[in-house]
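1. Sequence and computational prediction follow.
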Amino acid sequence: MIEAKARGAGGRRMVTGDFAAAWGAKVSRPQVIAAYPITPQTMIIEHLSEFLASGELDAEMMRVESEHSALSAVIAAEATGVRTYTATSSQGLALMHEPLFIAPPMHLPIVMSIVNRTVAAPLGIWVEHNDTMPQRDTGWMQAYVEDAQEALDMVLQGYRIAEHPEIELPIMIGMDAFLVSHTIESVDLPDQEAADRFLPPFKPLHAYLDPDRPLVLGAASPPEYIQEIRWETDARMRRASEVLEDVDKEFGKAFGRSYGGAFETYRLEDADVGLVTLGTVTSTARDVVDRLRAAGEKVGLLKLRFFRPFPERALREATSHLKALGVYDRAVSYGVGGPTYIEVRNALYESADIPVVGFLAGLGGRDVKPEDVEVMFKKTGEAAGKGRGASGVHWIGTRGVSP
Amino acid sequence: MTTIKELPEEDLFTSGHTACPGCGGAMVVRVAMKVLGPDTVVYMPASCLLIFSDMYPLNAFKVPSLQVLFETSAICASGIKRALKRLGKDDVTVVAFAGDGGTADIGMQALSGAAERNEDILYICYDNEAYMNTGIQRSGTTPFGAWTTTTPLGPGEEGRGKNEFKKDVPRILMAHDVPYVATASLGFPADFLRKLEKAKSKKGFRYLHVLAPCPVGWRADSDKTVDLAKMAVETGLFTLLEFEDGVLRISREPRFTPVRDYLKIQGRFKHLTDGQVASIEAWIKTKWERDRAMAKALGPKPVAPAVPVAK
């Protein structure tokens, strides 16, 4: 039971990541929310239900029978012309896989918070990115956050990016299970007025169901038309790279904090060896960078915030001076490596002749310790100067397997 | 009550759609749209209906329509309605037209959820007793003994058509205690019209299960659609009923005409053995004992004297 003090006024308060995401959703004024409970997302919809019960939130809340229905409900509501929100995790997102494909071609800018969690088997409730990574080709934008504040801020930013008239794509915002969702942190909770100034009311541009203006949404199409729809969706995803940078800058002006757009770099500018991270491991890696820098090693960090759109060109530019680049993944594409590793290596193919070294660690929610990150820097450093041939994938912290 | 003669001339589900001759599903939708009127939003799952009415760039509906997925009729209709409510358009009727496969099988979870929440939608299942769009595969509502492409004929036990009896979807919906559940048949248009009007006028979750013969899948002549829909009722195979605000009424007492007459004009049943026909006859008998018992238990009650409500 969450007591009344967990609700109420904004300002700086100690809250969980789930609360922060729910707050971000609340002040975004969604008209229809549909959700189904799954650990560790449950607190998001519990808090939204409390906001509704206390009168702080005015929305249609659909407590539906499955995640498949949760996403289908917001798709239908968004197609009727209102702003929507939903949240899920792990198996829930896997169950949503089918409806995920519907929203992007239909120009439905849905915002969904995902608490990144292990996908069975074996069943596990702890952090892994194997739930969101397999959704990369559905046409949804994908952001990954580091802490509770970012989980909140990205909901607000998410609507601005998704609803941008040049984009109109849905976005999923990933936050690490428990490390963000259940960890209590100091978070600045924007009040409604500040949120309203940043995020205007939703106005659907063309795709909405209205008896005064009959149209078909989701018609069947023969091959004569579908390929152009694919091309158009691809073009919008590419345009999103610029829009998300602009939105982050405007967010910075409005709230006094911003995140650097598609990625943030830390001590990377003069580094020889870099490491790409997603999610909460970034915080650990920052400390490791400071420690190694103090010991005279020229290392730096690139915190990847957006996986879709993937910031291919910007990433090339930001890493062009490096001698080697490591990539950390909390998800595995069996037989190949981590999805981020694959993506980064692909992005650098056109420019740099440097090794890209992949690291798999923290799977199933295993703790990624500073010493694990040190191994990543060490392995990447060893490959420096050896060219593309020194690329490879290493399992870190795996019993019986030396990295 | 509107009679057939009084139905508006204008169609909101127009000619030019590409349904097969004698398509029961198309007739259900055409008549329903005349009653529901222009202030309606339609949801269709992947189905025959979607393909023959909304294959881009053709569109047979003069009202807005949405298609998302096969199993999402009830949830998407609910999502549309919730959004319309937020937009101050609560007077717009939201109707889902789904086939029996999309309703009784893959759509059952969302259907049950929407019914349990009493979502303010009208769900019309046009029951053609198999997955017709994909080529006549058996569904939960395919009747016992029927040939389909996944219950083909052969010399063995497995080769005598469908081995199970038809799933009773209206009874499942009644168990949700929703405001309105009714069955209808294209063979009894006055009854169908009355139920459509009733369903349109009520708030909350409303379910109409309409028997809609498919000449292609039933292997019957395309001019027999209405006759078959009539015979299914008169043989006792398909019960016309109405469950309104907790009160169940049988809409029509059938004449119990010989079921063989119904079976023999459909190619899907031509292989039936005498034993299988006897099983169908026994099933009709049992079904009517049950339907009558339910109607007695849930039928209109004599008005009880008012009892003061304890404060």
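-> Structure's in. What do you need?

2. ranges for the helices of chain A?
-> Using DSSP state H, the helices of chain A run over A:17-27, A:42-54, A:67-79, A:90-95, A:97-100, A:148-162, A:192-198, A:223-255, A:281-294, A:312-319, A:339-348, A:370-383.

3. got TSV for those, with distance to A:F178 and mean pLDDT too?
-> From N, CA and C alone the C-beta is placed, and that goes for glycine too. Shown next, in TSV, are these (distance: least, CB to CB, whole Å; pLDDT from 0 to 100):
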stretch	distance to A:F178	mean pLDDT
helix A:17-27	9	98
helix A:42-54	11	97
helix A:67-79	20	98
helix A:90-95	12	98
helix A:97-100	24	98
helix A:148-162	12	98
helix A:192-198	27	97
helix A:223-255	26	97
helix A:281-294	14	98
helix A:312-319	29	95
helix A:339-348	21	96
helix A:370-383	18	97
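
4. For chain B, find the nearest of the ones you listed.
-> helix A:67-79 (3.1 Å; CB to the nearest CB).

5. Turn the helices of chain A into JSON lines, including distance to A:F306.
-> Below are those laid out as JSON lines (distance: least, CB to CB, whole Å):
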{"stretch": "helix A:17-27", "distance to A:F306": "17"}
{"stretch": "helix A:42-54", "distance to A:F306": "21"}
{"stretch": "helix A:67-79", "distance to A:F306": "21"}
{"stretch": "helix A:90-95", "distance to A:F306": "18"}
{"stretch": "helix A:97-100", "distance to A:F306": "17"}
{"stretch": "helix A:148-162", "distance to A:F306": "9"}
{"stretch": "helix A:192-198", "distance to A:F306": "19"}
{"stretch": "helix A:223-255", "distance to A:F306": "6"}
{"stretch": "helix A:281-294", "distance to A:F306": "14"}
{"stretch": "helix A:312-319", "distance to A:F306": "10"}
{"stretch": "helix A:339-348", "distance to A:F306": "11"}
{"stretch": "helix A:370-383", "distance to A:F306": "21"}
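
6. wait, which of the ones you listed is closest to B:M108?
-> Among the helices of chain A, helix A:67-79 comes nearest to B:M108, with 11.9 Å by CB to CB.

7. Domain ranges for chain A, per the record?
-> Following automatic domain parsing, one gets these domains for chain A: A:4-255, A:263-395.

8. Now tabulate those in JSON lines and tack on distance to chain B and mean neighbour count.
-> Converted to JSON lines, the domains of chain A look like this (distance: least, CB to the nearest CB, whole Å; neighbours: other CB atoms under 10 Å in any protein chain shown):
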{"stretch": "domain A:4-255", "distance to chain B": "3", "mean neighbour count": "21"}
{"stretch": "domain A:263-395", "distance to chain B": "22", "mean neighbour count": "20"}
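
9. can you confirm B:L173 is in a helix?
-> Yes. Per DSSP: H, G, I helix; E, B strand; the rest coil, B:L173 lies within a helix segment.

10. quick one, what contacts it?
-> In this structure, B:L173 makes contact with B:L111, B:A115, B:V181, B:Y207, B:H209, B:F243, judged by CB atoms under 8 Å, 6 or more residues apart in numbering or on different chains.

11. I'd like the distance between it and A:V74.
-> From B:L173 across to A:V74, the span is 25 Å (CB to CB, to the nearest Å).

12. any weak-confidence spans in the stretch 201-311 of chain B?
-> B:303-305, B:308-311 (pLDDT under 70).

13. As a check, name the ranges of all helices in it.
-> Taking DSSP state H, counting those that start in this stretch as the criterion, the stretch 201-311 of chain B carries its helices at B:215-218, B:225-234, B:259-264, B:274-298.

14. Can I get the ones you listed in TSV including mean neighbour count and distance to chain A?
-> Supplementary listing: the helices of the stretch 201-311 of chain B in TSV, determined by neighbours: other CB atoms under 10 Å in any protein chain shown; distance: least, CB to the nearest CB, whole Å:
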stretch	mean neighbour count	distance to chain A
helix B:215-218	22	19
helix B:225-234	22	24
helix B:259-264	17	34
helix B:274-298	14	26
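
15. Minimum distance to A:G335: which of these has it?
-> Closest approach to A:G335 among the helices of the stretch 201-311 of chain B is made by helix B:215-218 (44.6 Å; CB to CB).

16. Could you say which one of the domains of chain A comes nearest to B:I124?
-> So among the domains of chain A, domain A:4-255 is nearest, using CB to CB, at 17.0 Å.

17. my read: A:A361 touches A:K379, true?
-> No. A:A361 is beyond contact range of A:K379, at 11.4 Å (criterion: CB atoms under 8 Å).

18. ok, back up a step: of the domains of chain A, which is nearest B:I136?
-> domain A:4-255 (19.6 Å).

19. From the chain's centroid, how far away is that closest one?
-> 10 Å (CA atoms, centre = their mean, to the nearest Å).

20. again, but for stretch B:131-148
-> Averaging C-alpha positions (CA atoms, centre = their mean) puts stretch B:131-148 15 Å from its chain's average.

21. Look up phi and psi at B:A110.
-> The phi/psi pair for B:A110 (degrees, to the nearest 10) reads phi -70, psi -30.

22. Could you see whether chain A lies near stretch B:53-73?
-> Yes. Against chain A, stretch B:53-73 shows contacts by CB under 8 Å from any CB of the partner chain at B:54-57, B:59, B:61-69, B:71-72.

23. Is there a quick PyMOL command that grabs whichever of these are buried?
-> Applying 16 or more other CB atoms under 10 Å in any protein chain shown to the residues of stretch B:53-73 next to chain A leaves a buried subset, and the PyMOL line that selects it is:
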select buried, chain B and resi 54+55+59+61+62+63+64+65+66+67+68+69+71+72
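
24. Shouldn't B:T183 be within a helix?
-> No. Applying three-state DSSP, one finds B:T183 to be strand, outside a helix.

25. Name the nearest residue to it, ignoring sequence neighbours.
-> B:H209 (4.7 Å; CB to CB, 6 or more residues apart in numbering or on different chains).

26. ok, what's across the strand from the one you found?
-> Bridge pairing for B:H209 (DSSP bridges) gives the partners B:C125, B:T183.

27. ok, and the closest non-adjacent residue to the residue of the stretch 101-250 of chain B found nearest chain A?
-> In the stretch 101-250 of chain B, the residue that lies nearest chain A is B:G113 (3.2 Å; CB to the nearest CB). Distances taken as CB to CB, 6+ apart place A:E65 nearest to B:G113, at 3.2 Å, with adjacent residues excluded.
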